[in-house]
Structures are given as C-alpha cells and as structure tokens.
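Q: Next input, structure requested:
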Amino acid sequence: GDTAYSDKADAILNHVLNEENYWSLNNGNHCTSSGCTALQLLAAYKNYRGAETVPYGIVAWDLTPFVEAAKLSGNSLFAQDIANEIKSYLDQPTYTETTGDYELGLSSGIRALKLEGMDYSSYLTKLLAKQQGDGSFASPNYPNEHIQSTAYALMALSSALDVPASGNAASYLLSNFGYPPDFDGWLEDGVEYSEVTSEAAQALFEWSFPPQ
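A: Take a look at the predicted model:
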C-alpha cells in the first residue's frame, strides 16, 4: 500500500527499458535510444540467441522475467505485450519437439500467460507429454542430469496447480539434492553452479507455496 515502493519498481523497469538500454547500443541496435517495445525486445533476444530463423525455447525463457517485472511495476500494457509476443513465438509451426530447449520455452510460456490470465492449456498439454518416468524433464544440453529443465517445468506446473505432475518433478529434484563431500546443492552433468541450484530451490519453494 506504500506507493513509494511501486514508484521505485516502475522507475527501475523504466531505467532497464529506456534509460540504460543495452539493446539500443549492442547486438544490432534493435531498440531505439528512446526505449524498447515488446516486439523490438523479442527481435533483440532472437539475435542474441542466434534464433532469428530457427526457434529456440530459451528466447521465451529470456522474455518471461519482463512480464513479471512489468506486472510488479504496474505496467500492465507492457506485460500484456510481452506475453503476446511469447505466445506468438511458441505458436510458430516450427516450434516443435526438436526445438532447442523445447521444454524450457513451454514452461516459461505457461508462467508468462498465467501471470496475464491468458489460456496456457495447449502448452501445458505439450509439457506434460514430455515428463519422464522419473518425474524429470529431459534437457538435451545436460544428458546426465536434468535439473534446470525440471526446475522450470516444476515452476510452471506449480503455477498451473497440476498436483500429480508437479509432485513427481519435485521428487526428482529432491532425490538429486546433495552430493559428496556433503555439499548441499545440485549438479548439472557433474558441474555445480549457483544458477541451477537457485532455480531448483526456487522451484521447490513455489511447489510448496504455489503462486496464486
């Protein structure tokens, strides 16, 4: 209820998109010096990820935090614009099971559309079809462990309140927690780094206390 906080959040998002605009200076100058539209931001991330002709699920993953940030700052129009761009990206006929980071993109799309009150059911159906028997969601980038892809799938499933599938994904993460010598965290193909560990921890938190 204290507007000082919402004003600060709005100022931070404005600074990211308009004042300190990385995309107007780098990677093809996709945005103007006056700021980024949702479509320009999509173009910038497609260029950054080398996905201008072939879809790549991580582009949707990149854009979802902007929906969250816009919602938190009260910029409902920008949040809606970004969510629409994510939906269009995932609805491409060429976005198929052979797409790189396919599950990661679907998971992010579910989260973004859920935030905007949009229909995500088709993405949820596709995501559920990719869950493995052990509860994980396979990552082609990490064939021995699938922590990151499972973590984001779990966030999406918790958001969608899919209790059985989310419980199985959570069990997979919990069963892979910790490794010698007595270190608390997760490995991704034998490597531990803070990004994956924090994503798994966030996913388990959201599973325990699902976003409303």
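
Q: Can you give me the pLDDT of the residue sitting furthest away from the middle of the chain?
A: For the chain, the largest distance from the centre (C-alpha atoms, centre = their mean) belongs to residue 181, which lies 31.4 Å off. On the pLDDT scale, residue 181 is placed at 76.

Q: Give me the residues contacting the helix or strand where residue 199 lies.
A: Using DSSP states H and E, residue 199 maps to helix 194-208. With C-beta atoms under 8 Å, 6 or more residues apart in numbering as the test, helix 194-208 has contacts from 147-148, 150-152, 154-155, 157-159, 166-167, 169-170, 173-174, 177, 185-186, 188. Where you see a C-beta, it was placed from the backbone N, CA and C, and this is true even at glycine.

Q: give me that answer again for 10 Å
A: 107, 111, 142, 145, 147-159, 163, 166-167, 169-170, 172-174, 176-177, 183-188 (C-beta atoms under 10 Å, 6 or more residues apart in numbering).

Q: max-length helix in the protein?
A: If you go by DSSP state H, the chain has its longest helix at helix 57-73.

Q: Dump it to CSV, restricted to CA.
A: Listed next in CSV are the C-alpha coordinates belonging to helix 57-73 (Å, rounded to 0.1, in the frame of the first residue of the first chain):
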residue,chain,number,x,y,z
GLY,A,57,13.0,-22.2,-26.4
ILE,A,58,15.4,-20.1,-24.4
VAL,A,59,14.1,-16.9,-26.1
ALA,A,60,10.7,-17.4,-24.4
TRP,A,61,12.6,-18.1,-21.2
ASP,A,62,14.6,-14.8,-21.6
LEU,A,63,11.4,-12.8,-22.1
THR,A,64,9.2,-14.1,-19.2
PRO,A,65,11.0,-12.1,-16.5
PHE,A,66,9.9,-9.0,-18.3
VAL,A,67,6.3,-10.0,-17.8
GLU,A,68,7.0,-10.5,-14.1
ALA,A,69,8.8,-7.2,-13.8
ALA,A,70,6.1,-5.2,-15.7
LYS,A,71,3.4,-6.8,-13.6
LEU,A,72,5.3,-5.9,-10.4
SER,A,73,5.8,-2.3,-11.5
